[in-house]
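[1] the following block contains a protein sequence and its predicted model.
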Amino acid sequence: VQLQAFGGGLVQAGGSLRLACAASGRALSRYVVGWFRQAPGKEREFVAAIKWNGGTTYYADSVKGRFTISKDNAKNMVYLQMNSLKPEDTAVYYCAARGLDTNWGTGAYWGQGTLVTVSS
């Protein structure tokens with residue numbers, strides 16, 4: 001699975017941004033696609049994920065109610081709508097995909113990151 005993330009940029013606190021992840025190379029019917037982020041000097045952390053079949057979504061507590069993950073089956077795209085952004089959301093955001101029977105630590109596919117900077 002090849003993944004390409006884009007849509008990052010600079011936004012003021014309280015603003016919105018939408019990230020997109022284009023997936024190719026394999027049918028995603030048995031995959032979970034997710035977003036992770038890594039802030040300077042911090043570990044990479046889970047943000048949100050969506051099961052391709054069924055559309056079940058998962059969110060980190062820190063983004064619940066502010067971020068929404070969605071997908072477009074026809075385009076093989078996954079989106080992360082980020083609202084009410086805070087300076088602490090500043091990070092490089094990565095999209096990733098894993099099989100239903102694997103975990104994010106091993107066996108996952110990762111795209112390149114896209115930088116989101118939230119100014120106060």
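    Arrived safely, thanks for sending. All values reported here derive from a predicted model rather than from experimental measurement. Numbering: from 1, shown residues only.

[2] hang on, Ser24 packs against Val1?
    Yes: the pair formed by Ser24 and Val1 meets the contact definition of Cβ atoms under 8 Å, at 7.5 Å. (Glycine included, C-beta is placed from N, CA and C.)

[3] the more surrounded of the two?
    Val1 (19 against 10; other Cβ atoms under 10 Å).

[4] just checking, that one touches Ser29?
    No: Val1 lies out of contact with Ser29 (Cβ under 8 Å); the separation is 11.9 Å.

[5] average pLDDT for stretch 22-33?
    What stretch 22-33 shows for mean pLDDT is 91.

[6] no no, stretch 81-90
    98.

[7] endpoints of that stretch, how far apart?
    15 Å (Cα to Cα, to the nearest Å).

[8] can you check stretch 62-77 too?
    End residues of stretch 62-77 are separated by 24 Å (Cα to Cα).

[9] hmm, who's touching it?
    Residues outside stretch 62-77 that contact it (Cβ atoms under 8 Å, 6 or more residues apart in numbering): 20-24, 28, 33-35, 47-50, 52, 55, 57, 59, 78-85, 89.

[10] drop anything exposed from those residues.
    Buried members of the contacts of stretch 62-77, counted by 16 or more other Cβ atoms under 10 Å: 20-21, 23, 28, 33-35, 47-50, 52, 59, 78-80, 82, 85, 89.

[11] at the geometric centre of the chain, which residue do we find?
    Trp35 (2.2 Å; Cα atoms, centre = their mean).

[12] which residues touch that one?
    Trp35 touches 19, 21, 47-49, 69, 78, 80, 93-96, counting by Cβ under 8 Å, 6+ apart.

[13] so of these, which ones are in strands?
    19, 21, 47-49, 69, 78, 80, 93-96 (DSSP state E).

[14] a markdown table for the residues you listed, including distance to Gly7?
    Below are the ones in strands among the contacts of Trp35 laid out as a markdown table (distance: Cβ to Cβ, whole Å):
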| residue | distance to Gly7 |
| --- | --- |
| Leu19 | 4 |
| Cys21 | 9 |
| Val47 | 14 |
| Ala48 | 14 |
| Ala49 | 17 |
| Ile69 | 13 |
| Val78 | 11 |
| Leu80 | 8 |
| Tyr93 | 9 |
| Tyr94 | 12 |
| Cys95 | 10 |
| Ala96 | 16 |
